[in-house]
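Trainee: with the sequence up front, the predicted model follows.
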Amino acid sequence: MGKHQSFRANVGVVVVDARGQVLALRRAGSADAWQMPQGGLKVGEEPREAAIRELGEETGLRPGDIEIVREHPQWLAYELPEAACSQKTGRGQVQKWFLCRLTDPDAGIALPGGKRAEFDAFRWMGLDELCEHTWEVRRPIYRELARFFAPHLPAASRQRQRSGQS
């Protein structure tokens, strides 16, 4: 076992639009490394508060642009490869996930820029498609989110997921 034994407390947000597509963010400098908004909890911060804060920091979406529809009942964890472990991330992340519906179809996504930007692009895609375009350590969590949140996605999205279309 490596020197890192802790798991970083984290939140994640599945943002779904009216068509049932989810917001995917591309890691800066990576051609095909997509993920959903996520980030660490601050000391004393509740997961729901952290989800709204992180969503705003990473996408520019405001609380009035979204509605929290559902919270996954469990904390979901993934372990990082040793090379990706650090003092900040520890051995991996344990995450509380929220499903949010975009309530303002005109809400713009504004990714923070600059030299240290975490993301360089965004797009809307099916959750099943996103599972194939995210880092393999995240895939089991994303598949669980797709399974758990499927009943809460728009009907058209559920039909595409059953038929294997995006």
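Mentor: Done, it's in.
Trainee: what mean pLDDT does the longest helix along the chain have?
Mentor: If you go by DSSP state H, the chain has its longest helix at helix 47-59. For helix 47-59, mean pLDDT rounds to 96.
Trainee: following element in sequence after it, please.
Mentor: strand 66-71 (DSSP states H and E).
Trainee: for the residue nearest to the spatial centre of the chain, what are phi and psi?
Mentor: What sits nearest the mean C-alpha location of the chain, by Cα atoms, centre = their mean, is residue 36, with 2.6 Å. Dihedral angles of residue 36 (phi, psi; degrees, to the nearest 10) stand at phi -90, psi 160.
Trainee: residue 83 belongs to a helix?
Mentor: Yes. Counting by DSSP: H, G, I helix; E, B strand; the rest coil, residue 83 is part of a helix.
Trainee: re earlier: so the residue nearest to the centre of the chain touches residue 10, yeah?
Mentor: No. Taking contacts as Cβ atoms under 8 Å, residue 36 lies outside contact range of residue 10: 11.6 Å. In this view, the C-beta of every residue, glycine as well, is placed from N, C-alpha and C.
Trainee: contacting residues around the nearest residue to residue 110 once chain neighbours are set aside?
Mentor: The shortest distance from residue 110 to any non-neighbouring residue, by Cβ to Cβ, 6 or more residues apart in numbering, is to residue 60 (3.1 Å). By Cβ atoms under 8 Å, 6 or more residues apart in numbering, the contact list for residue 60 reads 108, 109, 110, 111, 112.
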